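Chemist: Structure for this input, please:
(chains A, B, C and D)
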Protein chains: 2
Amino acid sequence: MARPSTPKLSTRAIADAALGLVDAHGEFTLPQLARKLSVSASSLYNHVQGKGEIIELMRGRAMAEIELPDLGNVSWQEAVRAIATEYWASYSKHPRLIPLLTSHTVRDSTTLRVYDALAEALAMAGIEPAQRLQAITIIDSFVLGSALDAAAPKIVWEAAPESSNYFKEALEAGLSDSSRPQTTFELGLSMLLGALGHQAAAGSDGG
Amino acid sequence: MARPSTPKLSTRAIADAALGLVDAHGEFTLPQLARKLSVSASSLYNHVQGKGEIIELMRGRAMAEIELPDLGNVSWQEAVRAIATEYWASYSKHPRLIPLLTSHTVRDSTTLRVYDALAEALAMAGIEPAQRLQAITIIDSFVLGSALDAAAPKIVWEAAPESSNYFKEALEAGLSDSSRPQTTFELGLSMLLGALGHQAAAGSDGG
DNA sequence: ACCTGAACACCGTTCAAGT
DNA sequence: ACCTGAACACCGTTCAAGT
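Modeler: Numbering: from 1, shown residues only, chains lettered A, B, ... in the order given. Okay, the predicted model is just below:
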């Protein structure tokens, strides 16, 4: 019963099973993963270099869900908005995956195509290369931070007995809404888009 | 040689030693930490509940470096800018700590006072409680994401052989500058502050 | 090529024993 | 109260052995 005629494992199956564990428990170990796949832990090494590669496979699975807009049909602002929102949503579907991703360098092509699309939309807006990199970085930071913020069993929204009234009344006013993460993300994104619009307009005036 | 007359350990010493390991290696183990403190691993448990508490102690050490502005002397926008910049800077001093923090709930009072100060500055601007919580969340997300972005041996700035020209020329235009993370953060923060200013003005008009 | 089981060095945590 | 060393269950990874 050493080598089966049809393989029991594949990188796809490994990634999906691992993602299931992370969604459920916030972490995963190779013995857990192997058990879930009805296989021994050492078998995983026939398909994968180690635990790190499994994390990169999960990133790919999450990013694969992103559908990019057709850049020919919409304004650049709508394009950037759509890309950023898809990006945020795919992170938010697997919030507990994010902490695992942040300590790893990315080289995943599925992720890079999102940056490509962003760059193209910003170029459409007439934003010059140097400002374009800054804009991408700012949007990326906000998306990642927002997804993290939505992910973490958050601070602030639970315990602040000795806090100022300014903070407490803000908490009380904002708590109950379950769609808060989404609407807050969209508001912040609109702020950035508005500012990028001004910058693009000023650039085409002056330069 | 069991109990020394003067204790060899303290939570402060443990946190500082752990922070040194994380800064240097991006992670830490209890045996490593114990060795650095010339102590056995089990001794740590006389001062600390476990590894998780050590992470929280490190968060406190990082946040303790934040100096909050005197809110009486500056405009609310300058106050928010100063708070957010200090916050970002203290994360950025220990970039490799961030991934460890993101999977933990916060209850650290040193961190909460930063939110208090932010809330007060936004209240000064006349921003109502519900919008105040959104504004705090947006700023927090951007600060955290920007620090992470500056931390990670980043994607994008290395490998994109098959990328679009729009993206490549942005990369080429932006790479060489070593102060890029700081200036990009400040630009994004200004974008958000401008939008918050509009919102505050509109609120005081209408309401 | 692909799975197994034994083995290795390591980890976080507990606990009786010492002063 | 505070440190030690032995012990436990667990982890990631390697590798010879099987088909």
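Chemist: Determine the angle, from 0 to 180 degrees, between the biggest helix by length in chain A and helix B:180-206.
Modeler: In terms of residue count, the longest helix belonging to chain A (DSSP state H) is helix A:180-206. Counting by axes from the mean of the first three to the mean of the last three Cα atoms, to 10 degrees, helix A:180-206 lies at 100 degrees to helix B:180-206.
Chemist: Relative to the whole chain's centre, how far out is helix A:180-206?
Modeler: 20 Å (Cα atoms, centre = their mean, to the nearest Å).
Chemist: mind listing what's buried in it?
Modeler: A:180-182, A:184-189, A:191-193, A:195-196, A:199-200 (16 or more other Cβ atoms under 10 Å in any protein chain shown). In this view, the C-beta of every residue, glycine as well, is placed from N, C-alpha and C.
Chemist: what's the model's confidence in it, averaged?
Modeler: The average pLDDT for helix A:180-206 rounds to 89.
Chemist: which helices and strands sit right next to that helix?
Modeler: helix A:76-92, helix A:129-151, helix B:129-151, helix B:180-206 (3 or more Cβ pairs under 8 Å, 6 or more residues apart in numbering or on different chains; DSSP states H and E).
Chemist: Who are the packing partners of the first one?
Modeler: The one in question is helix A:76-92. helix A:51-63, helix A:109-124, helix A:129-151, helix A:180-206.
Chemist: how about the ones you listed, which one is nearest DNA strand C?
Modeler: Among the helices and strands packed on helix A:76-92, helix A:51-63 comes nearest to DNA strand C, with 13.1 Å by Cβ to the nearest atom of the strand.
Chemist: Check whether that closest one comes into contact with DNA strand D.
Modeler: Yes. Helix A:51-63 comes into contact with DNA strand D (Cβ under 7 Å from any atom of the strand), by way of A:51, A:52.
Chemist: how about that helix as CSV, C-alpha atoms only?
Modeler: Provided in CSV are the C-alpha atoms of helix A:51-63 (Å, rounded to 0.1, in the frame of the first residue of the first chain):
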residue,chain,number,x,y,z
LYS,A,51,5.2,24.4,5.4
GLY,A,52,6.2,27.8,3.8
GLU,A,53,5.2,26.6,0.4
ILE,A,54,1.8,25.5,1.7
ILE,A,55,1.2,29.1,2.9
GLU,A,56,2.1,30.5,-0.5
LEU,A,57,-0.3,28.0,-2.1
MET,A,58,-3.1,29.3,0.2
ARG,A,59,-2.3,32.9,-0.9
GLY,A,60,-2.7,31.8,-4.5
ARG,A,61,-6.0,30.1,-3.8
ALA,A,62,-7.3,33.3,-2.1
MET,A,63,-6.2,35.6,-4.8
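Chemist: contacting residues for the residue nearest to residue A:141 when sequence neighbours are not counted?
Modeler: Excluding its sequence neighbours, the residue lying closest to residue A:141 (Cβ to Cβ, 6 or more residues apart in numbering or on different chains) is residue B:145, at 3.5 Å. Residues in contact with residue B:145 (Cβ atoms under 8 Å, 6 or more residues apart in numbering or on different chains) are A:140, A:141, A:142, A:143, A:144, A:145, A:146, A:148.
Chemist: same thing but 6 Å
Modeler: A:141, A:142, A:144, A:145 (Cβ atoms under 6 Å, 6 or more residues apart in numbering or on different chains).
Chemist: what number of residues lie near the third one?
Modeler: Around residue A:144 sit 24 other residues, with neighbours defined as other Cβ atoms under 10 Å in any protein chain shown.
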